[in-house]
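Novice: Take this sequence and fold it.
(one chain, ligands or ions: 1)
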Amino acid sequence: MKRVYNFSAGPSMLPQSVLERAANEMLDYEGSGQSVMEMSHRSKIYGTIIEGAEALLREVMNIPDNYKVLFLQGGASTQFAAIPLNLGVNSGKADYVITGQWATKAQKEAARYIDANIVASSKDKTFSYIPKLDPDTFTKDADYFYICMNNTIYGTVYHELPETGNVPLVADISSCILSQPIDVSKFGILYAGAQKNMAPAGLTVVIIREDLIGHAKDITPTMLNYKTHADNGSMFNTPPCYTIYIAKLVLEWIKNDIGGLEKMKEINEKKASILYNFLDNSNLFRGTVVPEDRSLMNVPFVTGNEELDAKFVKEATENDFVNIKGHRTVGGMRASIYNAMPIEGVEKLVKFMGEFEARNI
Ligand SMILES: *Cc1c(COP(=O)(O)O)cnc(C)c1O
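Specialist: Okay, the predicted model is just below:
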């Protein structure tokens, strides 16, 4: 068997122990004589899986009791519409910070339903930084304030949250969920597609303060109304059963093998610092993000020469460092080093980069 180091931005690596456990349980889950894939979502045994996943997520993320956890489908992208439809109901206004492609898409979708105001943007420098925010410029009566916390494509992250006062803060945390502790109580909604740091594709987790549920616009499709799913324990229709099961295994791995999110953060900081230190001292490669806004999860870098970038991607792939090509809108390279990427994977990548540098400079 061969396993590569997969630097994909998503879907991405899963912990090997999780894959092994899923393989062991594939044909007969806990004596049920069936795979989790084959189970009725309304069976008692599946109930223990979805309830266990929620309980673990609440424990690992320290989610307060006045928040609901919803297990939904449609990817993070479906939330771009669900959020304005459910929350944009009083003034019909919201503020958006444009820090990349995902925030842009979210704002464009929201603008179909509400007045989606752009308060700041870092588009002028290819989203290589997080704009400084001045609360005086925020819409006072906004129904919510929207950020994309970790910008998967450009490799930036908010180290400080905007001061939004009573306006609920909504954050897309698709590419940083479970990477470090987060104070859930500071947010109205946190949401994430699972396929970066939590599970395979097919599951979207929404963590929502209870008082924000139940006010959706009349035109909201039943399936996009948070109340539908909150009232039915994410079982209004068939949930993404198998993906929720893998999420449960990943949460068990974080809790028991890693030791929780503080520990996860330490490991992620160690991995990121190995790569950033290398980039800061390299004579060939350089990171594309301002140092103060660098992401722990996604690390874009370039040589400054497109041909050399392509050569690096090709040779890296041949050496089993796969999916390291940058996003088509940025070029160059991007190493996504999510939770499941072992430290050893980053150490080996940096060693390989050093050798490539020596051969090509
Ligand atoms: C991947 C990603 C998305 C899109 O997720 P889908 O599940 O494919 O819709 C949205 N936001 C961020 C920050 C992402 O990284």
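Novice: Please, where are all the strands along the stretch 1-150 of the chain?
Specialist: Using DSSP state E, counting those that start in this stretch, the strands found in the stretch 1-150 of the chain span residues 5-6, 67-72, 93-98, 115-121, 144-148, 150-151.
Novice: closest one to I246 among these?
Specialist: Minimum separation from I246 across these (CB to CB) falls at strand 67-72, 12.1 Å. In this view, the C-beta of every residue, glycine as well, is placed from N, C-alpha and C.
Novice: Would you format the strands of the stretch 1-150 of the chain as TSV with distance to G326, mean neighbour count and mean pLDDT included?
Specialist: Listed next are the strands of the stretch 1-150 of the chain as TSV, based on distance: least, CB to CB, whole Å; neighbours: other CB atoms under 10 Å; pLDDT from 0 to 100:
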stretch	distance to G326	mean neighbour count	mean pLDDT
strand 5-6	15	20	98
strand 67-72	30	22	98
strand 93-98	20	23	98
strand 115-121	21	18	98
strand 144-148	18	28	98
strand 150-151	13	28	98
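Novice: want to throw these into JSON lines with distance to N277?
Specialist: Listed next are the strands of the stretch 1-150 of the chain as JSON lines, based on distance: least, CB to CB, whole Å:
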{"stretch": "strand 5-6", "distance to N277": "19"}
{"stretch": "strand 67-72", "distance to N277": "37"}
{"stretch": "strand 93-98", "distance to N277": "29"}
{"stretch": "strand 115-121", "distance to N277": "30"}
{"stretch": "strand 144-148", "distance to N277": "27"}
{"stretch": "strand 150-151", "distance to N277": "20"}
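Novice: Tabulate those in JSON lines, adding columns for distance to the ligand.
Specialist: Below are the strands of the stretch 1-150 of the chain laid out as JSON lines (distance: least, CB to the nearest ligand atom, whole Å):
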{"stretch": "strand 5-6", "distance to the ligand": "15"}
{"stretch": "strand 67-72", "distance to the ligand": "11"}
{"stretch": "strand 93-98", "distance to the ligand": "13"}
{"stretch": "strand 115-121", "distance to the ligand": "16"}
{"stretch": "strand 144-148", "distance to the ligand": "5"}
{"stretch": "strand 150-151", "distance to the ligand": "6"}
